[in-house]
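build the 3D model from these lines:
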Amino acid sequence: MFVAVLHFILSIFNFSTALPLNYLLNARKKYGETIFLTIRRTERLTTRYQKSKCDIEYLRLCLIYNLTPKFIRFKLWKDNLKSQKQYQQFQRQCILTEYKNRNRDSIKLKNEIDSILSTLKKRLKSNDYQHLQQFLYERAKHVNEVTTATHKKKIKQINQGIVGQDYESMKNKILHNMSSHTLTLAEERLLCRGMNFCIEHKLNNYLEFQTDVELNMCKIENYCHPTIFRSLCHDIYGFSKQLINTNKKKSMRNISDEEMNAIKTLKENKSIIICKADKGNAIVVLDKKEYIEKAKLLLANKQFKRTKNNLIEEKEKEMNNYLHSLLKSDIIGKQLFYQLRSTCSSPAVFYGQPKIHKINAPLRPIISTTATYNHHLSQHLTRIISKEREKPPSFVKDSFELMKKITNLTTNDKEILVSFDIESLYTNIPVSEAIETTLDLLYKDGKKT
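Residues are numbered from 1 along each chain as shown. Predicted structure coming up:
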């Protein structure tokens, strides 16, 4: 009778009931008054927990963007004291204290909810427990939407505008989802921050962090010279200690909990590839299967050849022997020899960047030679050739320089500006002819470089 009357009263005032009426009646009949009250208590705790999480996010944004919410503004004897540094520092300290307290309360609420749910899971039938979980999720979602909307209005009012990036207006330019995976709002917001965004994550378990560092260092031990490995371990150990000491002073991270969870879900999703676009600073999400198929088409070209054995050590030894012969012949000095000599080199890395401005978004092949045996030698040759090469009058560095050159250009109605694109330019350059042309450039007029 009590439940029926309660449902009637709530329907008059257009309030949403905590659980469907039949569910409440059945729960009370099946499990008694104690379980019924426990379910109600779980609902109230879930609502408080979700609102607490929203409040924490609101305070975090206030701290990051140096905003002062209304509940921190105090009346002072003189209004001009509000501009004083001590007053502003006191306000920020109050916000930080409130942020820490809310975090502590949130953890307590979460533990209490988990404890009650574990008890209910033992007492309720599986079907009833699933209904309860679904309700709590919908209830939490509703509270989250309402509270977040209120906080957004408050922040916009305090800041007199939107804080940070306007992801909704920038999303279509920055993020291009070409995969079958539907991104959540948190995943979209995270990816819109760009590849260069640095996540300042507060470490909670320092011992686990140091263990992970040591385990990852062990993975590269077999690929490094013992002397280099010891030096690398010493440097990494120093950096990790420095990071831990810096991290101890942090009380929050620069992304929300939802975005932190989005990192985990994107990392665990093995069916997608996240990469940079060929043009612009955009992020592209592709199906991993499609990405591999496009990469295989590029590797099937005549410029690439499959080898049965790893030729890295052989090529490295061959180049080092040649450099040693140049050293013996006094063609190069000791300093240049040690600069160009290769030790513990790795194979080049092949990857592709999608050309989103073209149909079907073909990949632009890129071969990263950073850790290869001839990387330092290539850099040295680049410096030599750059000194001797004269820039042609038609050379344009980038689109910004092109804009400067054509700003004051006058044309008539019969003239149009066109640009031509060469497909796979670098991979189609004949190597032998390029070497001969370079030698003619370096040694023209009997000059010895």
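
so is Val418 in a helix, a strand, or just coil?
The assignment at Val418 comes out as coil when based on DSSP: H, G, I helix; E, B strand; the rest coil.

one more: Lys141?
Applying three-state DSSP: Lys141 is helix.

again, but for Glu200
Three-state call for Glu200 (three-state DSSP): coil.

that one and Asp212: what is the separation?
To Asp212, Glu200 is 18 Å away according to C-beta to C-beta, to the nearest Å. For every residue, glycine as well, the C-beta is placed using N, CA and C.

now Phe337
When distances are taken as C-beta to C-beta, Phe337 and Asp212 turn out to be 38 Å apart.

who's more crowded, these two?
The neighbour count for Phe337 versus Asp212, taken as other C-beta atoms under 10 Å, is higher for Phe337 (16 against 12).

who touches that one in this structure?
When the contact criterion is C-beta atoms under 8 Å, 6 or more residues apart in numbering, the partners of Phe337 are Leu323, His324, Leu326, Leu327.

a markdown table for those residues, including distance to Lys444, pLDDT and secondary structure?
Below are those laid out as a markdown table (distance: C-beta to C-beta, whole Å; pLDDT from 0 to 100; DSSP: H, G, I helix; E, B strand; the rest coil):
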| residue | distance to Lys444 | pLDDT | secondary structure |
| --- | --- | --- | --- |
| Leu323 | 25 | 93 | helix |
| His324 | 29 | 93 | helix |
| Leu326 | 22 | 92 | helix |
| Leu327 | 27 | 92 | helix |
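
between the residues you listed, which has the most around it?
For these, neighbours were counted using other C-beta under 10 Å, and Leu323 has the most, 20 neighbours in all.

can you show me the strands along the stretch 51-200 of the chain?
For the stretch 51-200 of the chain, strands defined by DSSP state E, counting those that start in this stretch occupy the ranges 175-177.

point out where it drops to low pLDDT.
The model of the stretch 51-200 of the chain has pLDDT under 70 over residues 164-168.

how many neighbours does Leu266 have?
Applying the criterion other C-beta under 10 Å, we find 18 residues in the vicinity of Leu266.

hmm, it is touching Ile274, no?
Yes - using C-beta atoms under 8 Å, Leu266 is in contact with Ile274, at 6.8 Å.

break the protein down into its domains, please.
2-163, 168-287 (automatic domain parsing).

got CSV for the ones you listed, with distance to Val431 too?
CSV is the format used below for the domains of the chain (distance: least, C-beta to C-beta, whole Å):
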stretch, distance to Val431
domain 2-163, 52
domain 168-287, 24
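
what does stretch 150-165 rub up against?
The contact list for stretch 150-165, computed with C-beta under 8 Å, 6+ apart, reads 54-55, 57-58, 61-62, 65, 67-70, 192-193.

same deal with stretch 73-82?
The set of residues external to stretch 73-82 that reach it, using C-beta under 8 Å, 6+ apart, is Tyr87, Gln91.

start and end of it, how far apart?
The distance separating the two terminal residues of stretch 73-82, taken as C-alpha to C-alpha, to the nearest Å, comes to 9 Å.

tell me how far that stretch lies from the chain's centre.
Relative to the centre of its chain, stretch 73-82 is centred 42 Å away, using C-alpha atoms, centre = their mean, to the nearest Å.

you'd agree Phe350 is in a helix?
No - counting by three-state DSSP, Phe350 is located in no helix; its state is strand.

that one - how many residues pack around it?
13.

from Met319, how far out is it?
From Phe350 over to Met319 the distance is 21 Å, taken as C-beta to C-beta.

re the thing from before, out of the contacts of stretch 150-165, which end up buried?
Applying a neighbour-count criterion of 16 or more other C-beta atoms under 10 Å, the buried members of the contacts of stretch 150-165 are Cys54, Asp55, Glu57, Tyr58, Leu61, Cys62, Leu67, Pro69, Cys192, Arg193.

mind listing the helices in the stretch 1-150 of the chain by residue range?
Assigned helices in the stretch 1-150 of the chain, in chain order: 2-12, 21-64, 85-123, 126-159 (criterion: DSSP state H, counting those that start in this stretch).

minimum distance to Ser342: which of these has it?
For the helices of the stretch 1-150 of the chain, the distance to Ser342 is smallest for helix 21-64, at 45.2 Å, taking C-beta to C-beta.

nearest the geometric middle of this structure, what residue?
Central residue check for the chain by C-alpha atoms, centre = their mean: the C-alpha nearest the mean position is that of Met195, 5.5 Å away.

which residues does that one contact?
For Met195, the contact set (C-beta under 8 Å, 6+ apart) comprises Lys276, Asn281, Ile283.

can you flag which of these belong to strands?
Secondary structure from DSSP state E places Lys276, Ile283 of the contacts of Met195 in strands.

quick one: which of the contacts of Met195 has the most company?
Counting neighbours by other C-beta under 10 Å, the one among these with the most is Ile283, which has 20 neighbours.

what about stretch 172-180, start to end distance?
End-to-end distance for stretch 172-180, by C-alpha to C-alpha: 17 Å.

what do you get for stretch 154-172?
26 Å.

now stretch 137-146, how far from the centre of its chain.
Centroid separation for stretch 137-146 versus its chain: 27 Å, with C-alpha atoms, centre = their mean.
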